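**Q** Got a predicted structure plus its sequence, pasted below:
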Amino acid sequence: MRHNKKFNHLGRKTAHRDAMLSNMAVSLIKHKRISTTLAKAKELRKFVEPMITKSKEDTTHSRRNVFAQLQDKNAVTMLFAEVSQKVADRPGGYTRILKTGFRLGDAAQMCIIELVDYNENMLKDKVAKKSSKTRRAGKKTKAVAEKVATVKAPKEEVVTEQETPTETVE
């Protein structure tokens, strides 16, 4: 039974696991996308998303808290300068995990973990989807289409000679 087993130890002692997650978080912040196993990516998401949330508030206290976990000054600067500005309006869910298949050596399930707002291909699709209609209309037959066109067409108004403007020639 797995009662109250909420933590994946990843087959490592605590110090090794903390160092590995810290290094992976630094790589994710610097490169915006890394390839790893699915188990490590799920643990990394739990490790890095609270730090991104803390980076939204740029105070000395939050910088020190993030630096205590990352131990990399350049990554902390990049996190507070670039990443926090890009995710400022997002309420959560800063990372995306995309499964890529299985590793040849040991058949471990591999994936790509990336920061959501930095994948340009996904952002283009999102913009294209927003511009399309959200409701689906069924196909209209010719008779229905003609009837709709006549109803929507503006009625022609009769213009009399008194209403027509006179042109002045200069």
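**A** Yep, that arrived.

**Q** Every contact and neighbour count from this point should use C-alpha atoms.
**A** Fine.

**Q** center of this structure - which residue?
**A** The centre of the chain sits closest to residue 116, judged by CA atoms, centre = their mean, with a distance of 3.4 Å.

**Q** For that one, list the residues it contacts.
**A** Residue 116 sits next to 93-96 when contact means CA atoms under 8 Å, 6 or more residues apart in numbering.

**Q** separation between it and residue 50?
**A** According to CA to CA, to the nearest Å, residue 116 and residue 50 sit 15 Å apart.

**Q** So which residues of this structure form strands?
**A** All strands of the chain, identified by DSSP state E, fall at 33-37, 95-102, 109-115.

**Q** Let me know the closest of the contacts of residue 116 to residue 84.
**A** Proximity of those to residue 84 (CA to CA) peaks at residue 94, which lies at 10.2 Å.

**Q** okay, and for the protein, where does confidence drop off?
**A** Low-confidence segments of the chain, defined by pLDDT under 70: 126-170.

**Q** Turn the strands of the chain into TSV, including distance to residue 82.
**A** Putting the strands of the chain into TSV (distance: least, CA to CA, whole Å) gives the following:
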stretch	distance to residue 82
strand 33-37	15
strand 95-102	15
strand 109-115	12
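
**Q** JSON lines for the ones you listed, including distance to residue 56 and mean neighbour count?
**A** What follows is these, written out as JSON lines (distance: least, CA to CA, whole Å; neighbours: other CA atoms under 10 Å):
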{"stretch": "strand 33-37", "distance to residue 56": "20", "mean neighbour count": "19"}
{"stretch": "strand 95-102", "distance to residue 56": "15", "mean neighbour count": "16"}
{"stretch": "strand 109-115", "distance to residue 56": "15", "mean neighbour count": "20"}
